[in-house]
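>>> structure of the sequence below:
(one chain, ligands or ions: 1)
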Amino acid sequence: MSKSSRIPGFYNLSVEERLKKVAEFANLTEEETKLLFKEGNLSFDIANRMIENVVGTMSHPFAVALNFLIDGKDYIVPMVIEETSVVAAASNAAKMMRSKGGIFTSATDPIMIGQIQLTNVKDPWSAKLKILEQKQEIIKLANDQDPTLVSFGGGAKDLEVRVVDSEVGPMVITHLLVDVRDAMGANAVNTMCEAVAPYIEKITGGKVYLRIISNLADRRIVRARATVAKEEIGGEEAVDAIIKAYAFAASDPYRAATHNKGIMNGVIAVALATCQDHRAIEAGAHAYAARTGRYLPLSHWEKDENGDLVGTLEMPMAVGLVGGATKVHPIAKIAVKILGVKTATELARVMVAVGLAQNFAALRALALEGIQLGHMRLHARNIAIQAGATGDLIDKVAEQMVKEKKIRFDRAQELIKELSEKQ
Ligand code: MEV
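Modelled structure (predicted):
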């Protein structure tokens with residue numbers, strides 16, 4: 001009989017009982033089951049309250065990047081990521097940026113956009129004006145939903161209305177602009193959108209469908225800027241090589257996607273360490289990169305009058321310190337403490353600073369030495385460990401594989417054998 005993934009009542013089982021069902025389905029060994037069931041630094045109790053159908057927890061490396069001087073303050077930056085080289089590259093880039101004062105950042109107010117989709121209106125342009133005429137009433141209705149946010153200086157601040165053509169006729173899209181203060185904002189904004197929708201229907205006679213936050217958070221923009229002295233990089237020719245790498249991204253979306261991926265290596269590693277909604281950040285970043293209709297790099301690299309390299313990065317950054325998993329996950333709480341950030345905006349500024357440093361590290365490596373050297377060293381260590389190397393042997397096997405340019409599992413196994421016989 002074929003196995004079925006239809007398991008009635010699965011949701012109501014305990015973590016252990018669910019895991020038993022999965023183990024049966026997937027033929028997990030006892031060892032595999034035990035490993036998945038091992039309670040790490042996230043208890044099952046908390047995990048089970050965070051999401052549904054939990055059958056275990058999964059650990060990732062939690063590292064810190066050093067040397068970050070941002071707006072005159074030193075930060076140790078927690079990063080959670082599975083990819084080798086990223087943390088070392090960030091630390092190294094941040095170090096090179098220190099001699100010119102580090103990284104300087106700025107941010108808009110934390111404004112998120114909520115969208116209300118109105119359809120079935122014969123006269124969409126008139127409906128738009130009817131909504132705008134009731135702007136103060138709609139904002140008041142929205143703010144009645146969240147007196148706490150309002151008491152902290154946040155809340156709905158403005159309203160914009162667009163008529164959008166679609167395959168099924170024109171739609172009238174209301175944007176509620178909400179200052180979400182220290183929250184990522186999805187809950188507050190969605191609640192407000194749902195609350196004002198009936199009123200919008202009433203004044204226009206139309207029908208509202210979607211009421212949801214937009215992840216193109218282009219009113220919540222964070223900027224970072226840094227200068228790297230040409231001597232740090234290896235002279236003006238090296239600066240020019242990095243600018244050429246940037247120019248490639250600015251002219252070619254195939255390269256721009258990878259360029260921006262390098263930025264997101266840093267941004268998302270901090271997002272994971274602090275338990276942010278990293279999908280929202282990714283969606284916002286890429287939509288912002290394509291806002292002109294062409295997908296562009298999020299950063300710019302240029303040369304100043306001294307011939308030094310100057311990098312700037314501007315992107316949406318929807319992060320929160322309250323109201324989300326950051327306050328629930330015990331390790332995220334520790335990550336925030338290590339960072340020492342007091343507001344969501346400060347966290348956002350650090351994240352964009354890390355994105356800029358990460359981008360610089362990648363461009364420098366690519367333009368000046370090729371990315372593989374550094375990557376391969378760390379990759380070789382991973383392969384050595386997978387092949388069974390422990391202790392000193394890990395580095396010895398890795399070094400030899402890099403020297404031979406043969407970073408393969410079978411070679412690692414051979415080397416483990418050879419080198420352990422010698423030891
Ligand atoms: C790899 O994770 C990231 C890079 O590809 C970024 C880039 O090419 O700029 C190195």
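
>>> which residues sit against stretch 376-384?
Residues from elsewhere that reach stretch 376-384 (C-beta atoms under 8 Å, 6 or more residues apart in numbering): 84-85, 88, 393-395, 397-399, 401-402, 407-409, 412, 415-416. No exception for glycine: its C-beta is placed from N, CA and C like everyone else's.

>>> filter these to the buried ones?
When the contacts of stretch 376-384 are checked for burial by 16 or more other C-beta atoms under 10 Å, the buried set is 84-85, 88, 393-394, 397-398, 401-402, 407, 412, 415-416.

>>> show me the contacts for the residue of the stretch 151-300 of the chain found nearest the ligand.
Distances between the stretch 151-300 of the chain and the ligand by C-beta to the nearest ligand atom are smallest at residue 262, namely 2.8 Å. Neighbour list for residue 262: 358, 359, 361, 362, 363 [criterion: C-beta under 8 Å, 6+ apart].

>>> can you redo those residues as JSON lines with distance to the ligand?
JSON lines is the format used below for the contacts of residue 262 (distance: C-beta to the nearest ligand atom, whole Å):
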{"residue": "358", "distance to the ligand": "8"}
{"residue": "359", "distance to the ligand": "7"}
{"residue": "361", "distance to the ligand": "8"}
{"residue": "362", "distance to the ligand": "4"}
{"residue": "363", "distance to the ligand": "6"}
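
>>> among the residues you listed, which are located in helices?
Of these, the ones assigned to helices by DSSP state H are 358, 359, 361, 362, 363.

>>> nearest to residue 131 among those?
Of all those, residue 131 sits closest to residue 359, with 40.6 Å by C-beta to C-beta.

>>> number of residues surrounding the closest residue in space to that closest one that isn't next to it in sequence?
Spatial nearest neighbour of residue 359, chain neighbours left out: residue 263 (4.6 Å); criterion: C-beta to C-beta, 6 or more residues apart in numbering. A count of nearby residues for residue 263, using other C-beta atoms under 10 Å, gives 25.

>>> for residue 263, report the pLDDT, please.
On pLDDT, residue 263 comes in at 98.

>>> show me what counts as buried in stretch 222-239.
For stretch 222-239, a neighbour-count test (16+ other C-beta under 10 Å) marks 222, 223, 224, 225, 226, 227, 228, 230, 232, 233, 238, 239 as buried.

>>> what of stretch 147-159?
Neighbour counts using 16+ other C-beta under 10 Å place 149, 150, 154, 155, 156, 159 of stretch 147-159 among the buried residues.

>>> alpha carbons of the helix or strand where the second one lies, as CSV, please.
Under the assignment given by DSSP states H and E, the secondary-structure element containing residue 150 is helix 147-151. What follows is helix 147-151 as a C-alpha-only set of coordinates in CSV (Å, rounded to 0.1, in the frame of the first residue of the first chain):
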residue,chain,number,x,y,z
PRO,A,147,-3.9,53.0,20.6
THR,A,148,-0.6,51.6,21.9
LEU,A,149,1.1,52.2,18.6
VAL,A,150,-0.4,55.7,18.5
SER,A,151,0.8,56.4,22.0
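
>>> spatially central, which residue of this protein would that be?
residue 268 (3.2 Å; C-alpha atoms, centre = their mean).

>>> what is the burial count for residue 392?
Residue 392 has 10 neighbouring residues, counting by other C-beta under 10 Å.

>>> I'd like the distance between it and the ligand.
From residue 392 over to the ligand the distance is 29 Å, taken as C-beta to the nearest ligand atom, to the nearest Å.

>>> which residues touch that residue?
Contacts for residue 392 (C-beta under 8 Å, 6+ apart) come out as none.

>>> need the phi and psi values for it.
Dihedral angles of residue 392 (phi, psi; degrees, to the nearest 10) stand at phi -60, psi -30.

>>> now the one 5 residues further on
Dihedral pair for residue 397: phi -60, psi -40, per degrees, to the nearest 10.

>>> what does residue 277 give?
Per-residue torsions, residue 277: phi -80, psi 90 (degrees, to the nearest 10).

>>> ok, it touching residue 324?
Yes. Residue 277 lies in contact with residue 324 (C-beta atoms under 8 Å); the separation is 6.9 Å.
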